[in-house]
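A.B. asks: below: sequence and its predicted model.
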Amino acid sequence: MDWRVDAKKRAALEAVKHVREGFVVGLGSGTTAAYAVQEIGERVRQGDLRVLGVPTSHQALMLAVSCGIPLTTLDEHPLLDLAIDGADQIDRELNLIKGMGGALTREKIVASAAKQFVIVADETKLVEKLGVNHSIPLEVLPFALPIVMVKVRELGGKPVLREGKGKVGPVVTDNGNFVVDVDFGPVDFLSELDVKLKLVPGVLETGLFVGIADVVYVGGKTGVQRLVRG
């Protein structure tokens, strides 16, 4: 599926058009958001753009530094002009599942701080209903893991602690927590599930991004589709 790489790049280029001189921009994590970060960095290097970036993960921070994007923090800029990120699943109402890269909490914090939240993805991420053949990530306090697993099962989910690849043991987030991937199947009531999960003691955040995205650019084999929250 080599076309997906070009599709993601085209979508990222459209998203970067939202960036203006002097903006403070939330910089998303993952491979798709990386194309947007790289394009912003290229415009900064060429002298066409002056911006500040707020990275959503250590990975995004390192990429931004390598691309020459000056960085700032939410302490200095609690209100961002824009945030650009990727998504793991997107429905027609622009609700999202995010967090397969493990940065869901910081990504949601940065998204909530932005005046406009723009998503880039390829068309394989579009679904009719979130949760179809896809788990919902949770960031979980390690001390609370046993009770979280019990409570999530009581809510009808099938939780699995995410294990590291290339390391022994669980994935550890930039916040020092664990990630639990929960299979609920297709989800009909997204907001209700999001609230129920966050009411479980020890669940710090969910990968359900409901009603947060403003614009989504979806790259396909021949072009880019622009979706706007109604």
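C.D. replies: Received it, and whenever you're ready, just let me know what you need.

A.B. asks: what residues does the spatially most central residue of the chain make contact with?
C.D. replies: Against the mean C-alpha coordinate of the chain, by CA atoms, centre = their mean, the closest residue is K98 at 4.7 Å. If you count contacts by CB atoms under 8 Å, 6 or more residues apart in numbering, K98 has them with D85, G86, A87, D88, L104, E107, K108, P137, G207, F209. C-beta: built from backbone N, CA, C; applies to glycine.

A.B. asks: try it again with 6 Å
C.D. replies: A87, D88, L104, E107, G207, F209 (CB atoms under 6 Å, 6 or more residues apart in numbering).

A.B. asks: ranges for the strands of this protein?
C.D. replies: Secondary structure of the chain (DSSP state E): strands at 24-27, 52-55, 82-85, 89-90, 96-97, 117-122, 136-140, 158-161, 178-183, 203-206, 208-209, 215-219, 224-228.

A.B. asks: flag the shaky bits of this protein, pLDDT-wise.
C.D. replies: 1 (pLDDT under 70).

A.B. asks: let's go with 80 and repeat that
C.D. replies: Low-confidence segments of the chain (pLDDT under 80): 1, 230.

A.B. asks: would you map out the domains in it?
C.D. replies: Domain segmentation of the chain under automatic domain parsing yields 3-126+210-228, 136-206.

A.B. asks: buried deepest among these, which one?
C.D. replies: domain 3-126+210-228 (a mean of 20; mean count of other CB atoms under 10 Å).

A.B. asks: and the end-to-end length of it?
C.D. replies: 24 Å (CA to CA, to the nearest Å).

A.B. asks: so how far is that domain from its chain's centroid?
C.D. replies: 8 Å (CA atoms, centre = their mean, to the nearest Å).

A.B. asks: residues in contact with the residue of the chain most remote from its centre?
C.D. replies: Relative to the mean C-alpha coordinate of the chain, counting by CA atoms, centre = their mean, the farthest residue is G47 (28.4 Å). For G47, no residue meets the contact criterion (CB under 6 Å, 6+ apart).

A.B. asks: distance of the closest residue to G101 other than its chain neighbours from Q46?
C.D. replies: Spatial nearest neighbour of G101, excluding adjacent residues (CB to CB, 6 or more residues apart in numbering): G30 at 4.6 Å. According to CB to CB, to the nearest Å, G30 and Q46 sit 25 Å apart.

A.B. asks: likewise for L161?
C.D. replies: Taking CB to CB as the criterion, L161 is separated from Q46 by 45 Å.

A.B. asks: against L13, how distant is A33?
C.D. replies: For A33, the distance to L13 - CB to CB - is 13 Å.

A.B. asks: ah, wrong one, I meant L96
C.D. replies: For L96 relative to L13 (CB to CB), the value is 21 Å.

A.B. asks: could you do R92 as well?
C.D. replies: 23 Å.

A.B. asks: skipping adjacent residues, who's closest to F143 in space?
C.D. replies: G202 (7.1 Å).

A.B. asks: am I right that the one you found is in contact with V150?
C.D. replies: No: using CB atoms under 6 Å, G202 makes no contact with V150, being 10.7 Å away.

A.B. asks: who touches stretch 136-156?
C.D. replies: Taking contacts as CB under 6 Å, 6+ apart, the residues outside stretch 136-156 that touch it are 97, 99, 104-105, 159, 173, 177-182, 196, 200, 202-207.
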